[in-house]
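Trainee: no FASTA, just this:
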Ligand SMILES: O=C(O)[C@H](O)CO
């Protein structure tokens, strides 16, 4: 029997390609840039697996182009909003993600971004680069400490919990979280399960780490932002559309909240003249949550193994 065909939509780690090549006939869009749509539609024809990233729109047209041979879409990500999951389910095409291997990297980055905002690191660094570092000034670029503050987390999965675990030793007064369910793992940290309203009203730092779904799109809109303390800081490392961008711009401009750190935005990428990029009280990073060498290699290998496992060893009930 000929080896099943797999199309890889981007240049990824050779280790992952080697894993695929042990069992499959592999075609790669060998570039750091997104595969052009016409090329994607052409190259998926007759494949059994697609190895994709969050930049590829795997919609009905792509599934149609692949045809009935397609058994699995393996994405090198936790998020799946770039894949038409509903359509995949209808066609019994398995969608595989890489949730376990990137959570530490994402949690660590979320903490990094929070500290960058609370300690106003970029303003300081910019002052140095712009030649504005003068003699020591008693009240210059003063930030906020973690000690005795309330940390609020929206979405207490692997990343949310990882953030709480990392920040607990900073001497927080309370850790509160909201999720669809109370998480037993929160008990170990003394984290309290509360309503979304309570997270918004009582937190000094609000971390968005829930998945993007129909229910969480624009969860953080003007109404939600108006409930937050004027000293509060909002961090989003999950997905951009969970926060309603124009409402956040307004809240940061008016002083409704004190600051924001965004590793994900809507739109993404943000143009460099976007108001969020121009504001001193907003730190924007370019979707760096899982960018460690270790996590990215693990994500690539995991995706390859997801594809070969499905094609060769099992077909989970769908
Ligand atoms: O979904 C994910 O895994 C990330 O956003 C990609 O880095």
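Mentor: Looks like it arrived, so ask away. No experiment lies behind these values; they were computed from the predicted model shown.
Trainee: Please report the number of neighbouring residues for residue 14.
Mentor: Per other Cβ atoms under 10 Å, the neighbour tally for residue 14 reads 10. The C-beta positions use only the backbone N, C-alpha and C, and glycine is treated the same way.
Trainee: Surely residue 220 is in contact with residue 208?
Mentor: Yes - with contacts counted by Cβ atoms under 8 Å, residue 220 reaches residue 208, the gap being 6.5 Å.
Trainee: Find residues that contact each of the two.
Mentor: Shared contacts of residue 220 and residue 208, defined by Cβ atoms under 8 Å, 6 or more residues apart in numbering, are found at 234, 236, 242, 243.
Trainee: Skipping adjacent residues, who's closest to residue 185 in space?
Mentor: Counting by Cβ to Cβ, 6 or more residues apart in numbering, residue 161 is the residue found nearest to residue 185 once chain neighbours are left out, at 5.5 Å.
Trainee: Just the element for that neighbour, please.
Mentor: Using DSSP states H and E, residue 161 falls within helix 158-167.
Trainee: ok, now which ones touch the residue of the stretch 151-300 of the chain found nearest the ligand?
Mentor: Residue nearest to the ligand within the stretch 151-300 of the chain: residue 290 (3.8 Å; Cβ to the nearest ligand atom). By Cβ under 8 Å, 6+ apart, the contact list for residue 290 reads 77, 102, 105, 106, 109, 296, 299.
Trainee: For burial, what's the neighbour tally of the fifth one?
Mentor: Residue neighbour count, defined by other Cβ under 10 Å, stands at 23 for residue 109.
Trainee: a strand runs through residue 235, doesn't it?
Mentor: Yes - the assignment for residue 235 is a strand, going by DSSP: H, G, I helix; E, B strand; the rest coil.
Trainee: Dig out what it forms beta bridges with.
Mentor: residue 207, residue 261 (DSSP bridges).
Trainee: Any figure for the gap between the residue nearest the centre of the chain and residue 254?
Mentor: Nearest residue to the geometric centre of the chain (Cα atoms, centre = their mean): residue 238, 3.6 Å. Separation of residue 238 from residue 254 (Cβ to Cβ, to the nearest Å) stands at 24 Å.
Trainee: That'll do, ta.
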